[in-house]
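Asker: Quick one, what's the 3D model for this:
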Amino acid sequence: MQWYTEVLKKYVVFTGRARRKEYWMFTLFSVIISIVLSIVDGLIGTRNDTGTGLLSGLYSLAVLLPTLGVTVRRLHDTNRTGWWILIGIVPIIGWIVLIVFLATEGNAGDNQHGPDPKAAERFGTGTPNADPGYPTV
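Answerer: The predicted structure is shown next:
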């Protein structure tokens, strides 16, 4: 749950880097919450003709910016610009390419987007997972 709440705390942070674990755990929790809310929408009758429910729709809007932020930071970890998120607009091929980018191991060491979020684990210094790779001032 820590990975989910950390992303929510940094909901408009589009700089720095995000580990695969941070991205995929946030995605997993979001999918589970969406499924539960969709079931609740069906039970209480707030689902419309298109199958979209009030609660699940509100949740989707609430996590839109955090999802964009963590996705951009994840792309930064693979040394790609956040604009690569737009490849998801292309049906099927774009989705596959984006999933591959998001699942790719991040660059070891610092890159143009910030310090390596796994540096503590790789080099045995600092506290692992103390800060998920956001640049400090």
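Asker: which one in this protein is furthest away from the centre?
Answerer: Farthest-out residue of the chain from its mean C-alpha position, per C-alpha atoms, centre = their mean: Gly45, at 30.2 Å.
Asker: Show me how far stretch 30-38 is from its chain's centre.
Answerer: 16 Å (C-alpha atoms, centre = their mean, to the nearest Å).
Asker: And for stretch 87-95?
Answerer: 17 Å.
Asker: For that stretch, list every residue counted as buried.
Answerer: If you call a residue buried by 16 or more other C-beta atoms under 10 Å, then stretch 87-95 has these buried ones: 87-88. (Glycine included, C-beta is placed from N, CA and C.)
Asker: end to end, how far does that stretch reach?
Answerer: 7 Å (C-alpha to C-alpha, to the nearest Å).
Asker: ranges for the helices of this structure?
Answerer: With helices called from DSSP state H, the chain shows them at 2-9, 20-44, 54-62, 64-77, 93-103, 119-123.
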